[in-house]
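Novice: how does the following fold in three dimensions:
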Amino acid sequence: MPLLKGRAAVDMRIKVKDNPNLEECVFHIVLDGYNAPVTAGNFVDLVQRHFYDGMEIQRAADGFVVQTGDPEGPAEGFIDPSTEKTRTIPLEIMVDGKKAPVYGATLEELGLYKAQTKLPFNAFGTMAMARDEFENNSTSSQVFWLLKESEHTPSNANILDGRYAVFGYVTENQDFLTDLKVGDIIESIQVVYGLNNLFNLS
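Specialist: Next comes the predicted model:
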């Protein structure tokens, strides 16, 4: 299982269609392996495999999130060539004051109704992993970015905190996320620093 033990950053280059004002945009994304080592490690590993290169933006119409990561074909996630099965990772939430993340359960299921998450959905461009609504440990490769300002999604007072694993934030050009549409193409995602923090544990 890939683990990110520290921080990393990636540049995501997207080709924008049907927009005369924006043909291409590069989003700089900082990934937090201190508080989400499994989730961030899974993503960096997929980036290194060029999993997302050439993939389209698959959801962008609701003004709430932009989403991608569902590969073509019947699989809904990354097929690990070593097992020929979909690789999934557990839901991972770091609670403020804890030394390690909790895995496999939402904070609500754990009865931690007032707990604060270390990585909240509190910024435009918050990045998290998508999953099946009724299966906590179904995360594989689908990711989304939040398109709401922090005043609309106060930390630990929204429907996302403690239910989905945040692992990074877009820190450059995040405002252009609202210009993305279904069908825009991820030309590439490249790790620009922190690759030395990626470890693969068997």
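Novice: switch to C-alpha atoms for all contacts and neighbour counts from now on
Specialist: OK.
Novice: and residue 41, which helix or strand is it part of?
Specialist: Secondary structure assignment for residue 41, by DSSP states H and E: helix 37-48.
Novice: just checking, what packs against the helix or strand that that helix is followed by?
Specialist: Sequence order places strand 65-68 as the next helix or strand after helix 37-48, per DSSP H and E. On a contact count with 3 or more Cα pairs under 8 Å, 6 or more residues apart in numbering; DSSP states H and E, strand 65-68 meets strand 143-146.
Novice: from residue 171, how far out is the residue positioned nearest the centre of the chain?
Specialist: What sits nearest the mean C-alpha location of the chain, by Cα atoms, centre = their mean, is residue 128, with 3.3 Å. The spacing between residue 128 and residue 171, counted by Cα to Cα, to the nearest Å, is 14 Å.
Novice: same question for residue 48.
Specialist: From residue 48 across to residue 171, the span is 21 Å (Cα to Cα).
Novice: the helix holding residue 41: how far from the chain's middle?
Specialist: Chain-centre distance of helix 37-48: 9 Å, with Cα atoms, centre = their mean, to the nearest Å.
Novice: in that helix, what's buried?
Specialist: Judged by neighbour count (16 or more other Cα atoms under 10 Å), helix 37-48 contains these buried residues: 37, 38, 39, 40, 41, 42, 43, 44, 45, 46, 47.
Novice: my guess is the fourth one meets residue 30, correct?
Specialist: No. Counting by Cα atoms under 8 Å, residue 40 sits too far from residue 30 to count as a contact (9.9 Å).
Novice: any shared contact partners between those two?
Specialist: Residues touching both residue 40 and residue 30 (Cα atoms under 8 Å, 6 or more residues apart in numbering): residue 168.
Novice: give me phi/psi at residue 169?
Specialist: Dihedral pair for residue 169: phi -140, psi 140, per degrees, to the nearest 10.
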